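Q: Got a sequence here, can you build the structure:
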Amino acid sequence: MTNPYTAPIPPAPRPPDSRPLHKRVLVWIGGAALLVTGTFIGAAGNDGQQPVEAKVKPATTVTATVTTTPEPGPTVTETVKAKAKPGPTVTVTRTATAKAADSGSNSTSQDDDAGSCTITSNAGNCYSAGQFCRNSDHGAVTTTAGGTKIECAYSSNAWRWTYA
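A: Below you'll find the predicted structure:
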């Protein structure tokens, strides 16, 4: 097997001027002959006729425009009555302490206040602070079963009974 690194070196290319002079002249003469032949063939292809120019005559354009107006349709009117929101209910509570006829009885004032709440739930119970209010009670003031004053106010994203 031969070593590719020790292969013989190919001969150097010959310089471009080494072509014989008579071959260079023949190439020039052949090229000129082809040019002249092409010119004669191109000129003879017309058969002596002149080229015809195509001229376009302007054409008549007809445009028709039709405009229609739609007939008006029936008009429908809907009347909506606004519902009135109830205003806040104002409640005045008076607590009166009754004097006991007998000084020996064990009644206290809280027992008397237990039934004094003016706004009660649907079940009839007194509200206490923290409970939700009805829509009709927004802004109203009442007392708890113990007699503490509370009001219906908007708190924590809801209407709740809070201490006044």
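Q: Run through the strands of this structure in chain order.
A: Shown for the chain, the strands assigned by DSSP state E span residues 141-143, 149-155, 158-163.
Q: Now for this protein, the helix or strand with the poorest mean pLDDT.
A: Comparing every helix and strand of the chain by mean pLDDT, DSSP states H and E singles out helix 109-113 as the least confident one, with a mean of 41.
Q: Flag every buried residue along the biggest helix by length in the chain.
A: Of all the segments assigned as helix in the chain under DSSP state H, the longest by residue count is helix 21-44. Judged by neighbour count using 16 or more other CB atoms under 10 Å, helix 21-44 contains no buried positions. Any C-beta I mention is one placed from the backbone N, CA and C, and that applies to glycine too.
Q: gap between the two ends of stretch 80-93?
A: 39 Å (CA to CA, to the nearest Å).
Q: Which residues belonging to that stretch are considered buried?
A: With burial defined by 16+ other CB under 10 Å, not one residue of stretch 80-93 is counted as buried.
Q: what sits up against that stretch?
A: Outside stretch 80-93, the residues within contact range by CB atoms under 8 Å, 6 or more residues apart in numbering are 116-119, 135-143, 149.
Q: Check stretch 145-160 too.
A: With contacts defined as CB under 8 Å, 6+ apart, stretch 145-160 is touched by 93, 95, 109-110, 113-114, 116-117, 125-133, 135, 137-144, 161-164.
Q: Please tabulate the strands of the chain in CSV, including the columns mean pLDDT and distance to Val27.
A: Conversion of the strands of the chain to CSV gives the following (pLDDT from 0 to 100; distance: least, CB to CB, whole Å):
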stretch, mean pLDDT, distance to Val27
strand 141-143, 93, 121
strand 149-155, 92, 106
strand 158-163, 93, 105
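Q: how about those in TSV, adding mean neighbour count and distance to Thr89?
A: As requested, the strands of the chain are arranged in TSV below (neighbours: other CB atoms under 10 Å; distance: least, CB to CB, whole Å):
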stretch	mean neighbour count	distance to Thr89
strand 141-143	20	9
strand 149-155	17	9
strand 158-163	16	13
